[in-house]
Each structure stands twice: as C-alpha cells, then as structure tokens.
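[1] A structural model of the following input is requested.
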Amino acid sequence: MLQTGPVKESNRNGRSKAAQNGATGVRKSEHLRINLENDVAAKGIATGLEQYRFVHNAIPEIDLGAIDLSIEIFGRRLAAPILISCMTGGSEESRRVNLTLARVAQAHGLAMGLGSGRALLEHPELIETFDVRYLAPDVLLFANLGAIQLKRGYTADDCRRLVEMLQADALVLHLNALQEAVQPEGDSDFDGLLTRIGALCSELEVPVIAKEVGWGIAPDTIRMLFAAGVAAVDVAGAGGTSWSEVERHRIGEPWRAHVAAAFADWGIPTAECIRNARRAAPGGLIFASGGIRNGVDAAKALALGADLAGVAGPFLRAAGEGEEAAADLAREIIETLRIAAFGIGARTVTDLKATTRIRRRDEEIDAAGVTRLAYKTPGAGTFLDITDDVAAAVKAAGVRHGICHVYSSHTTAAVRVNENEELLLRDFGRFLEGLAPADGRYEHDDLTQRVDVPPDEPINGHAHCRHLVLAASETLPVVDGRLALGRWQRVFLVELCSARQRNVIVQVLGV
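    Predicted structure coming up:
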C-alpha cells in the first residue's frame with residue numbers, strides 16, 4: 001500500500017518526499033489560480049484543427065431536430081461526445097469548480113474527469129473537494145492519477161481505493177513527463193513506467209485510460225500503450241494549455257523560468273495526434289483534447305478519428321464565473337456540434353466520424369474525382385507520408401472499384417510507395433546521395449550555359465538525376481472503396497531539392 005510516513009528519498013532541490021506530499025494541495029491551488037489569471041496557452045504552435053474545414057452540404061437531407069449526438073462509452077450513455085476534461089481537486093476553490101462542472105455534466109449528459117487524486121490519497125480529508133458522484137449519478141466519471149506515482153509506492157490497491165472513493169467508472173493515468181521535468185519539485189524518473197502501467201491494467205477492475213497533458217502522444221507510443229492494456233488513449237495534443245507555461249509562472253528563479261519558457265512551442269499538434277492515433281490503433285478508443293475550444297473543433301476532432309472530444313480550459317474559466325456560465329458553454333458546444341453535423345448531413349456521431357466532407361483548407365476538390373493536395377516540404381531528403389490524404393481522396397470520390405493515380409507536378413519531387421520505417425528512410429537517403437551526390441558535377445548547375453534562367457533558380461542537378469530513377473506518380477488499386485495497399489505500404493511525396501511548395505494531383509477512376 002501507499003507509504004504515508006516520511007521516506008528518505010529527496011528530489012533534486014533537496015526536499016523530502018514527505019515535504020512534497022504536504023505541499024501537494026498548495027501546488028494544486030497555484031495551478032488553478034495560474035490557469036485562471038494568466039496566459040498559459042502554448043506559444044508558436046497551434047492545434048492543427050484550423051488547417052481543416054468541412055465541405056458544406058447545401059441540401060443535407062436531414063432534420064436538425066432529429067440529429068442524435070449520443071454515444072456509449074464504458075457502459076455509460078452520453079448525450080453528446082464531449083468530456084469535461086480532468087482539471088482540479090484538493091482545495092476549497094477546486095471543490096467549487098468540481099461541483100459546478102458536475103452539475104453541468106449531469107444536466108447535459110457529458111463525461112467528466114477529476115483532477116489528480118494524489119492529494120486525496122495522501123489526505124483523505126480532502127474528499128469533499130473531489131466527491132461529485134452524488135450530484136452526477138449518471139455521468140461517465142473519470143478518476144485521475146499521475147502515472148509517475150506508480151513508481152513512488154502507489155499500487156493497484158491505492159488506485160482501486162481512489163476509484164472506489166470517487167465512485168468513478170475508469171481511471172485516467174496522466175503522462176506529464178515534460179511538466180515534471182520543468183517543475184521545481186518535479187519527479188522526472190519515468191524509467192520503466194510502461195511496465196508498471198501494463199501491470200496496473202491487468203490488476204484493476206475498471207478501464208485504465210492513458211492521457212497526455214498537452215504535448216501529444218506519437219503513434220509508436222499509442223501502439224505501446226494499447227499493447228500494455230490501456231482501454232483508451234487521450235492524445236491531449238499541443239495547441240491549448242501548455243503546462244510548461246503554467247509552471248513558468250510558479251518559478252521564482254529566472255534561469256529556471258527561462259528553461260520552462262523554451263518549451264512553449266513544444267509538442268505534437270492535436271489534429272496530427274488524432275490522425276496518427278487512429279492510424280496506429282484502427283480499433284482503439286481514442287479521446288482527443290488539447291486546444292478544443294468549441295463545437296466545430298469537436299466536430300473536426302471526431303471527423304479526424306476521435307471517439308470523444310475533451311474540453312478543459314474553457315470549462316475551467318466558465319466555472320470560475322459561475323454555474324450559469326458553465327452551463328451556457330455546454331449548451332453552446334453541443335449546439336454548435338449539432339449544427340456542424342447538420343451542415344455536412346451527418347445524422348449521428350457514427351456518420352460524423354465516417355464523413356468524407358472534411359478537407360485540408362488548401363485542398364481543392366473537383367467533381368470528376370480529382371483532388372489537388374498542397375504541401376510545404378521541410379527540405380531535401382524528406383519522405384512525406386501522404387497516405388491518409390490520398391485515402392481521403394479515394395473515400396471522397398465514392399468509387400468502389402477502380403484505380404487511384406497519385407501524381408507529383410514536379411521534376412524534383414517524386415511519388416513512391418514504400419515502408420514508413422525510420423531506419424529504412426535513412427537508408428533511402430544514403431542510397432540517393434550515393435546515386436547522385438549533392439556535391440557532384442552537373443552541367444545543369446552551370447547557369448552561365450543556360451538561357452532564360454529565373455533569378456531564383458536552384459542549384460539542383462542532383463535532384464533531377466535522382467528523380468530520373470524514381471517517378472512522378474504511382475497508380476494504386478481501389479477495392480471496396482479503399483486503397484488496397486499492403487500491410488506496410490505507404491505513399492510518399494519525396495522531396496529531392498529543398499524546402500518547397502509542392503502540389504500533388506490525386507485522380508480516382510472506377511465504379
């Protein structure tokens with residue numbers, strides 16, 4: 001069971017763990033205050049949701065009033081696929097927030113997550129700041145604990161006790177490695193944590209959810225978490241609240257505050273996280289949070305592959321204004337989500353998740369099965385995986401059986417099918433460099449011998465030579481409305497020259 005007495009282990013600032021435990025509630029109060037009073041949004045990075053738009057359906061052929069947003073998760077029926085995400089607990093101020101949000105969740109049929117239960121396990125007398133079940137008997141309720149606590153004496157019995165105290169339906173383990181790293185009293189020993197998460201999943205009777213806190217989860221980690229036994233993953237991508245920014249406001253030492261500030265633009269954008277997570281775990285339960293601020297954001301998250309959309313900061317600030325403001329926000333998000341579904345002709349959440357009417361903002365769609373994709377490549381040697389965009393074009397074309405032609409409109413950017421494996425991509429780079437070295441001699445690069453040379457002409461004879469042995473296009477089979485790719489096959493746009501704006505045409509033919 002959890003050690004409640006003093007232990008000798010100290011953190012990097014020399015404070016004993018016992019002293020840390022006594023300060024947990026104070027820290028949570030500081031976190032709440034800072035979130036309400038300061039600008040703690042990520043800087044220089046956005047959610048990526050702004051890069052997508054829905055294709056409006058002028059004749060949706062449905063009744064707005066008949067749209068059903070309800071879903072079922074872990075045996076609980078939700079009126080809408082919205083989670084009031086894990087935020088706070090452990091102080092009188094957080095008690096008021098939790099009670100307010102619980103009443104709103106119950107009234108509007110939303111899921112709700114509580115803040116980290118570490119303070120409650122250390123100080124059971126804080127139960128009133130967390131206990132909301134009596135106000136929200138029908139709500140899908142998540143208890144929450146920092147995953148790092150599994151390395152600090154917390155056992156499955158402690159997690160079970162937390163879930164039972166709160167009458168929760170599931171336990172969220174939050175993954176906050178970067179926050180712990182910049183936090184003065186942080187605990188950053190994450191070595192061997194995945195094994196402990198797996199052990200907990202096998203012992204605990206309720207579902208275990210792995211959740212980031214705002215920097216996102218990459219596909220390889222998604223796969224490892226599901227393999228370990230988690231029931232769901234909340235990707236919590238970048239673009240919303242940055243917890244390094246929150247910690248920066250708590251730090252007194254200027255040099256350490258500058259360290260925290262350096263990570264304001266850290267993380268994987270939420271939209272990218274969702275798409276990658278769905279690709280990594282096609283049948284997995286995926287929650288999306290991180291900068292989701294309204295019902296259109298939630299609709300985009302669902303259309304990109306999420307099963308549930310989590311909203312944290314907006315609900316926290318609304319709850320700070322009072323229950324009426326929080327209830328109005330819930331109504332606003334749900335109604336906006338409903339109208340977004342109406343605007344694309346989606347009767348249910350299942351329809352919304354299966355929609356073909358979500359596009360990148362720079363993507364043009366022709367009626368004749370032609371999709372134009374645009375990319376800004378980061379530089380030479382980049383193998384940009386465009387498979388999901390090509391698959392979306394196939395889906396949008398509505399062709400059941402036929403072919404999909406993917407064509408690069410450039411002589412120094414190729415389209416190829418191969419495996420997306422990091423070491424293999426490095427091998428490709430070395431192969432191409434050996435084939436046509438960038439520092440080789442190419443007459444094409446002698447601009448004095450050429451006519452009508454534009455002022456911005458790149459020195460890229462090697463890129464043209466490499467393209468010669470690759471290709472400008474690939475033709476792929478379409479079977480049962482999907483790309484019939486092999487297990488490891490992915491479609492790449494290969495940048496052979498430099499960071500450039502590139503255009504790819506996808507044409508789908510068939511019946």
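
[2] going forward, measure contacts between C-alpha atoms and count neighbours the same way
    Noted.

[3] which element is Ala210 on?
    Ala210 is part of strand 208-212, with elements assigned from DSSP states H and E.

[4] what's the average pLDDT for that strand?
    For strand 208-212, mean pLDDT rounds to 97.

[5] got it, and stretch 142-161?
    Across stretch 142-161, the average pLDDT comes to 96.

[6] likewise for stretch 393-404?
    Across stretch 393-404, pLDDT averages out at 91.

[7] and for stretch 467-483?
    Within the predicted structure, the mean pLDDT of stretch 467-483 is 95.

[8] that one: end-to-end distance?
    The straight-line separation of the ends of stretch 467-483 (CA to CA, to the nearest Å) is 25 Å.

[9] can you check stretch 148-164 too?
    Stretch 148-164 has an end-to-end distance of 21 Å (criterion: CA to CA).

[10] list the buried residues for the strand holding Ala210?
    Residues of strand 208-212 classed as buried under the neighbour-count rule (16 or more other CA atoms under 10 Å) are Val208, Ile209, Ala210, Lys211, Glu212.

[11] pretty sure Arg360 sits against Leu49.
    No - between Arg360 and Leu49 there is no contact, the gap being 9.2 Å when judged by CA atoms under 8 Å.

[12] between the two, which one's more packed in?
    A count of neighbours by other CA atoms under 10 Å puts Leu49 above the other of Arg360 and Leu49, at 21 against 16.

[13] so which strand or helix has the nearest residue to the more buried one once chain neighbours are set aside?
    In space, and not counting its chain neighbours, Leu49 is closest to Ala271: 5.4 Å by CA to CA, 6 or more residues apart in numbering. Counting by DSSP H and E, the element that carries Ala271 is helix 270-280.

[14] for that helix, packing partners?
    helix 219-228, strand 286-288, helix 295-304 (3 or more CA pairs under 8 Å, 6 or more residues apart in numbering; DSSP states H and E).

[15] which of those sits closest to Met87?
    Across the helices and strands packed on helix 270-280, the minimum distance to Met87, taken as CA to CA, is reached by strand 286-288, at 15.2 Å.

[16] and the closest one, what's buried?
    Ile286, Phe287, Ala288.

[17] from Ile82, how far out is the last one?
    Using CA to CA, one obtains 10 Å as the distance from Ala288 to Ile82.

[18] what do the two both touch?
    A shared contact of Ala288 and Ile82, defined by CA atoms under 8 Å, 6 or more residues apart in numbering, is any residue touching both; here these are Leu308, Ala309, Gly310.

[19] the second one: neighbour count?
    Counted with other CA under 10 Å, residues neighbouring Ala309 total 27.

[20] next up, the contacts around it.
    Pro81, Ile82, Leu83, Phe287, Ala288, Ser289, Ile292, Ala298, Ala301, Leu302.

[21] before we move on, what about Val259?
    Taking CA under 8 Å, 6+ apart as the definition, contacts of Val259 comprise Val182.

[22] that one falls within a helix, correct?
    Yes - the assignment for Val259 is a helix, going by DSSP: H, G, I helix; E, B strand; the rest coil.

[23] report pLDDT for it.
    Val259 carries a pLDDT score of 94 in this model.

[24] ok, it to Glu245 distance?
    Distance from Val259 to Glu245, by CA to CA: 10 Å.

[25] same check, this time on Ile148
    Counting by CA to CA, the gap between Ile148 and Glu245 amounts to 20 Å.

[26] one more: Arg400?
    Taking CA to CA, one finds Arg400 at 49 Å from Glu245.

[27] quick one, which of those two is more surrounded?
    Of the pair Arg400 and Glu245, Glu245 is the one with more neighbours under other CA under 10 Å, namely 26 against 17.

[28] just say helix, strand or coil for that one.
    Judged by three-state DSSP, the three-state class of Glu245 is helix.

[29] please save the CA atoms from stretch 173-189 in CSV.
    Written as CSV, here are the backbone C-alpha positions of stretch 173-189 (Å, rounded to 0.1, in the frame of the first residue of the first chain):
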residue,chain,number,x,y,z
LEU,A,173,-3.2,7.9,-15.8
HIS,A,174,-1.9,11.3,-16.9
LEU,A,175,1.5,11.4,-18.6
ASN,A,176,3.3,14.7,-17.8
ALA,A,177,7.0,14.0,-18.2
LEU,A,178,7.8,17.5,-19.5
GLN,A,179,5.8,19.2,-16.8
GLU,A,180,7.7,17.2,-14.1
ALA,A,181,11.0,18.0,-15.8
VAL,A,182,10.5,21.8,-15.6
GLN,A,183,8.6,21.8,-12.3
PRO,A,184,11.0,22.7,-9.4
GLU,A,185,9.7,19.9,-7.2
GLY,A,186,9.0,17.6,-10.2
ASP,A,187,9.6,13.9,-10.3
SER,A,188,11.1,13.0,-13.7
ASP,A,189,12.2,9.4,-13.3
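
[30] tell me who's in contact with the closest residue to Arg76 other than its chain neighbours.
    The shortest distance from Arg76 to any residue that is not its chain neighbour, by CA to CA, 6+ apart, is 5.8 Å, and that residue is Leu140. Shown here is Leu140, whose contacts under the criterion CA under 8 Å, 6+ apart are Ile73, Phe74, Arg76, Arg77, Leu78, Leu110, Ala111, Met112, Ala168, Asp169.

[31] Gly322: how many residues sit nearby?
    Gly322 sits with 15 neighbouring residues when counted by other CA under 10 Å.

[32] that one against Leu99, yeah?
    No - using CA under 8 Å as the test, Gly322 is too far from Leu99 to be in contact (10.6 Å).

[33] which of the three states applies to Gly284?
    Following three-state DSSP, Gly284 is assigned to coil.
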